[in-house]
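> Any chance you can model this:
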Amino acid sequence: MTFNDYSNLIRKRITETLQNELSRAKAEYPSFSGDTAHIFKLIHDYSLAGKMLRGVLACLSAELFGKTRLSAAARARNSHDRGGGRHDQNPEPTDIYKIGAALELLQAGLLIHDDIMDEDSLRRGLPTMHKQFEREAIDSGAENPSHLGEALAICAADICFFSAWNLVSDHDSALQRLFAQELTKVCLAQSRDVRLGSHGRWPALQEILEVYTYKTARYTICLPLLAGAILAGRSDAEQLLEEVGTNLGLLFQLKDDYLGLFGEETSLGKPIGSDLREGKKTPYMLLLYPTLSASEKTRFDSLFGNESIGLVDVKFFRSLILSHGIDTAMNKIEHEYAQMARNSLTSLLQTIPDLNKEVAEILRDFVEYSLSRTS
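Below you'll find the model as predicted:
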């Protein structure tokens, strides 16, 4: 089974759990003249529009350590849903899907805040949450619709966080502490990222990679893998899982940087070149700038961080990256992280007994998926 196959199976179960939690919450809280139902509908559509990578990885980790046979149960259930045989011989523990759903709600909340900070207008192929609220504010004739849109989106993100915590709160203190610590690191790294973008100094590559480690790598890969291991009662695997997750997470973020320059908007669900418009100092830009000629720097400086740049300007940046060999250098770094992840995964399999070998192969396939993905 490939990672994509596994994701398709598990994502359906996480989706059901998310829908159930949001429906329950919508019915539990005061209506506020229908605002409650409307906000939860927006959160529902927003949180279900993603790939659910974090939730899937948490389930994969729990299954890796023998917590249950999630993929077998999901296959049986899908067969039952289509009118095929019974599925109750492989009961699916809801606690794992609840953690997967919690991770997706947390991701939704963080993205809503991130889009406000970056002033983005498109996410997951839809208007960002603050832009949706802003459009409603304009339609209703509200004063200062931009500010109102951002304020309402902040509230929606906070609801995502507390709804996620409601799902996590059923579990023991070790899991709750893990979530609290990792999410605090995300916020601290985001703070650093915002500061780095607020002045003209080019940071060292290590500064950028440190931000990537705590803003993206640990939260995207380490947290789900560790959460699944804790649910399976295998905290002894923590160090090796962190090695696997950190290397995979850095690879994942670097691939995001590449796709933000060379990808397709229809696949990514966000505008190509948005990092350029925001003046984000990614490793691509950091390695590129010292190689530029005087004339290239002049044009670079006039475009980098300019919100009005178009596709022609994005193509100019692409041409610089290709002509100065930055794509080759970054590809080498990506493959180095992939190999370190493979090595750490091999150490995990050799060190920790009784792992599910079939699921381990799915995790191996995720390394290759991360290298070759286009969205």
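
> Find the nearest non-adjacent residue to the spatially most central residue of the chain, please.
For the chain, Thr220 is the residue whose C-alpha lies nearest the centre (CA atoms, centre = their mean; 5.4 Å). Setting aside the residues directly before and after it, Thr220 is nearest to Gly249 in space (CB to CB, 6 or more residues apart in numbering), at 5.0 Å. Backbone N, C-alpha and C define where each C-beta goes, glycine included.

> again, but for Glu265
With CB to CB, 6+ apart as the criterion, Glu265 has its nearest non-adjacent residue at 5.2 Å, and that residue is Ile272.

> Likewise for Leu254?
Of all residues not flanking Leu254 in the chain, Glu334 sits nearest, at 5.3 Å (CB to CB, 6+ apart).

> need the contact list for that neighbour.
Shown here is Glu334, whose contacts under the criterion CB atoms under 8 Å, 6 or more residues apart in numbering are 251, 254-255, 258, 371.

> quick one: average pLDDT of stretch 53-62?
Average pLDDT, stretch 53-62: 96.

> Just the CA trace of that stretch, in PDB.
What follows is stretch 53-62 as a C-alpha-only set of coordinates in PDB (Å, rounded to 0.1, in the frame of the first residue of the first chain):
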ATOM      1  CA  LEU A  53      -1.500  15.100   6.500                       C
ATOM      2  CA  ARG A  54      -1.000  15.500  10.200                       C
ATOM      3  CA  GLY A  55      -4.100  13.500  11.200                       C
ATOM      4  CA  VAL A  56      -3.100  10.700   8.800                       C
ATOM      5  CA  LEU A  57       0.400  10.600  10.200                       C
ATOM      6  CA  ALA A  58      -0.900  10.300  13.800                       C
ATOM      7  CA  CYS A  59      -3.000   7.300  12.700                       C
ATOM      8  CA  LEU A  60      -0.100   5.800  10.800                       C
ATOM      9  CA  SER A  61       2.100   6.100  13.900                       C
ATOM     10  CA  ALA A  62      -0.400   4.400  16.200                       C
END
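
> Touching it from outside, list them.
Looking at stretch 53-62 with CB under 8 Å, 6+ apart, the contacting residues turn out to be 6-7, 10-11, 13-14, 68, 70, 96-97, 99-101, 103-104, 106-107, 219-221, 223-229, 231-232, 241, 359, 362-363, 366.

> Likewise for stretch 339-346?
240, 243-244, 247-248, 251, 360, 363-364, 367.

> what helix or strand is Tyr284 on?
Secondary structure assignment for Tyr284, by DSSP states H and E: helix 283-288.

> No more questions from me, cheers.
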